[in-house]
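Novice: Sequence first, then the predicted structure:
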Amino acid sequence: MKTIAQVAAELQGYDPQALSAAAVGEFLARLVEPVTEHEQAGVFDALDRILAQDLVSPISVPPHDNSAMDGYAFHGRQLEAGKALQLEVVGTALAGKAWQGTAGPGQCVKIMTGAIMPAGLDTVVPQEFTQPAGERRIRIAPDMLHPGDNRRLKGEDLREGEPALRRGERLTPAACGLVASLGIASVPVVRRLRVAYFSTGDEVLSLGEAPREGAIYDSNRYTVFGLLKRLGCDIIDLGVVRDDPERLEAAFNRAAGAADAIITSGGVSVGEADYTKAMMKKLGDVAFWKIAMRPGRPMAVGRIGPAALFGLPGNPVAVMVTFLAFVRPALLRMMGCSGTQPPLLKARSEEPIRKKAGRTEYQRGVVSTARDGSLQARTTGNQGSGVLSSMVQANGLIVLHHEQGNVAVGDQIDVMMFEGAM
Ligand code: AMP
Ligand code: MG
């Protein structure tokens, strides 16, 4: 585990007072490390978990050459350009019940989808490409087929002895099906990441508390809960912690003792009079950053005890954006996941967007399909960093990169879709 100072020394031009979004990503990738413990999970429980070791295929899938169609199997070398072919039907091969005989030139075997190809035969003519040609005879019209057509080869899906899945892969529904197709009932997965969260701020009310002037209900606790849940983390919810040194210290210590990562919101901006920053500094190895981004400029990052610390800003949109841009990839890395960022898609801007070069902006976007089939995007109205409804209306973030300036109508812009990310 590296200290903040060690990571900072590795990075060229590290300036905590003006960090680019790219530098934040690089810093965090160097700071956090994957957890190493793993456990076995049955296929039904493995969904969305991270595979801890390469999964080597004990068998070939499919285990035999077999037919991709209902039809007739025969030797494909008999096909000649421009000529019809007549064949005698000498047997039937069913799925799960192979035909044991041999078929020679001029002969074929009626075969069902999935049935093992009879010995030596390499081509299947689909039923609908044939006409009857007398008792137990079929005719194939000219130029309908090539040798090898409609035959699935042994091992074309997976080959015995080769990795079917790589460690670090997230077990999607497709991957779970693949595991089962190998006859494997359970797989080694990385243990779930434990993440503790609390909100800070004296003005922040928990649900059930009576409203009072100047106070707001805590929303960050619920957005962060949802974001962590989607990642498959074990969540340790520490609620709202008052701006009081004793309570803050107790919350940080509890979190550090139980979690791999601690996420807080609020109390990290420059002018903060409260105790959150002071307590982070006292208990851990923590850097306080000003990031060249919008929304979400302030952020605290480091370690308290063995746990990674992500001190997010307080504004609800800033919390979600910094989570998606920085915390999520860092947590995925800690989870042992090899893919840590969703791909950025290209869309055409439906409107001009004002943007200052020299910072990364994440605007709430509505991405849709244009009439010509390409992607287009517009921003949701109010982009204020406290306007949570803008995150609800949006289906993705428009990512305006560090060097990028104003966007004109029709310009290509990058979008990070929420689907798959939250
Ligand atoms: P701070 O970073 O603590 O100065 O907070 C920035 C803004 O976010 C303030 O307007 C806070 O009231 C608001 N805020 C802080 N924490 C929360 C929370 N848990 N839920 C909703 N808003 C919050
Ligand atoms: Mg505050």
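Specialist: Everything's here; your move. Numbering: from 1, shown residues only. Ligands and ions are numbered 1, 2, ... in the order given.
Novice: what residues does this structure put near ligand 1?
Specialist: 199, 201, 203-204, 216, 218-220, 265-267, 269, 272, 313-316 (CB under 6 Å from any ligand atom). Heads up, the C-betas are built off the backbone N, CA and C, glycines and all.
Novice: Mind doing that once more with 8 Å?
Specialist: Within the chain, the residues that sit near ligand 1 (CB under 8 Å from any ligand atom) are 199-201, 203-204, 216-221, 240, 265-269, 271-272, 274, 276, 298, 313-316, 318-319, 385-386.
Novice: Please verify my assumption that Val224 contacts Ala196.
Specialist: No. Val224 is beyond contact range of Ala196, at 10.5 Å (criterion: CB atoms under 8 Å).
Novice: Name the residues that touch stretch 109-121?
Specialist: Identification of contacts with stretch 109-121 by CB atoms under 8 Å, 6 or more residues apart in numbering yields 64-75, 89-99, 101-103, 108, 124, 151.
Novice: Going through those, which ones are buried?
Specialist: 65-67, 69-75, 89-91, 93, 99, 103, 108, 124, 151 (16 or more other CB atoms under 10 Å).
Novice: Which ones among these lie within strands?
Specialist: 66-67, 71-74, 89-91, 93, 108, 124, 151 (DSSP state E).
Novice: At which residues are the helices of this structure located?
Specialist: 4-10, 21-31, 173-181, 220-231, 245-258, 276-283, 316-322, 328-334, 388-393 (DSSP state H).
Novice: looking at these, which is closest to ligand 2?
Specialist: helix 276-283 (7.5 Å; CB to the ion).
Novice: Just checking the closest one against ligand 2, any contact.
Specialist: No. Helix 276-283 stays clear of ligand 2 (CB under 5 Å from the ion), getting no nearer than 7.5 Å.
Novice: Now do the same for stretch 141-151: mean pLDDT, whole number.
Specialist: For stretch 141-151, the mean pLDDT works out to 96.
Novice: which other residues reach that stretch?
Specialist: 65-69, 71, 73, 76-77, 79, 81-84, 117, 122-126, 129, 131.
Novice: I'd like to know which of the residues of the chain next to ligand 1 are buried.
Specialist: Looks like the residues of the chain next to ligand 1 have 199-201, 204, 218-221, 240, 265-269, 272, 274, 276, 298, 313-316, 318-319, 385 buried, using 16+ other CB under 10 Å.
Novice: Sitting in strands, which of those residues do you find?
Specialist: Per DSSP E, these map to strands at 199-200, 204, 240, 265, 298.
Novice: From these, pick the one nearest Gly373.
Specialist: Ser265 (40.1 Å; CB to CB).
Novice: got a list of what that closest one touches?
Specialist: 199-200, 220-221, 224, 312-314, 319.
Novice: Kindly recompute the last result at 7 Å.
Specialist: The contact partners of Ser265, by CB atoms under 7 Å, 6 or more residues apart in numbering, come to 199-200, 220, 224, 312-314, 319.
Novice: Please list the residues of this structure that sit near ligand 2.
Specialist: Residues of the chain lying close to ligand 2 (CB under 5 Å from the ion) are 201, 266-267.
Novice: For Thr380, state which of these is nearest.
Specialist: Gly266 (23.8 Å).
Novice: Chain neighbours aside, what residue packs nearest to that closest one?
Specialist: Gly314 (3.4 Å; CB to CB, 6 or more residues apart in numbering).
Novice: Quick check: that neighbour touching Thr276?
Specialist: No. In this structure, Gly314 is not within contact of Thr276 by CB atoms under 7 Å, at 9.7 Å.
Novice: shared neighbours of these two, anything?
Specialist: By CB under 7 Å, 6+ apart, the residues touching both Gly314 and Thr276 are 266-267.
Novice: Quick one: residues contacting the residue of the chain found nearest ligand 1.
Specialist: Ligand 1 sits closest to Gly314 of the chain, with a gap of 2.2 Å, by CB to the nearest ligand atom. By CB under 7 Å, 6+ apart, the contact set of Gly314 is 201, 265-267.
Novice: Please apply the same query to Ala180.
Specialist: Contacts of Ala180 by CB under 7 Å, 6+ apart are Val43.
Novice: Also Val241?
Specialist: 198, 200, 247-248, 251.
Novice: out of those residues, who has the most neighbours?
Specialist: Thr200 (27 neighbours; other CB atoms under 10 Å).
Novice: Which strand residues bridge that one?
Specialist: Val241 (DSSP bridges).
Novice: Put together TSV for the contacts of Gly314, with distance to Ile235 on each row.
Specialist: Output for the contacts of Gly314, formatted as TSV (distance: CB to CB, whole Å):
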residue	distance to Ile235
Gly201	20
Ser265	14
Gly266	18
Gly267	20
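Novice: What are the boundaries of the strands in the stretch 301-422 of the chain?
Specialist: Counting by DSSP state E, counting those that start in this stretch, one finds strands in the stretch 301-422 of the chain at the ranges 307-312, 345-349, 360-369, 375-379, 396-400, 412-417.
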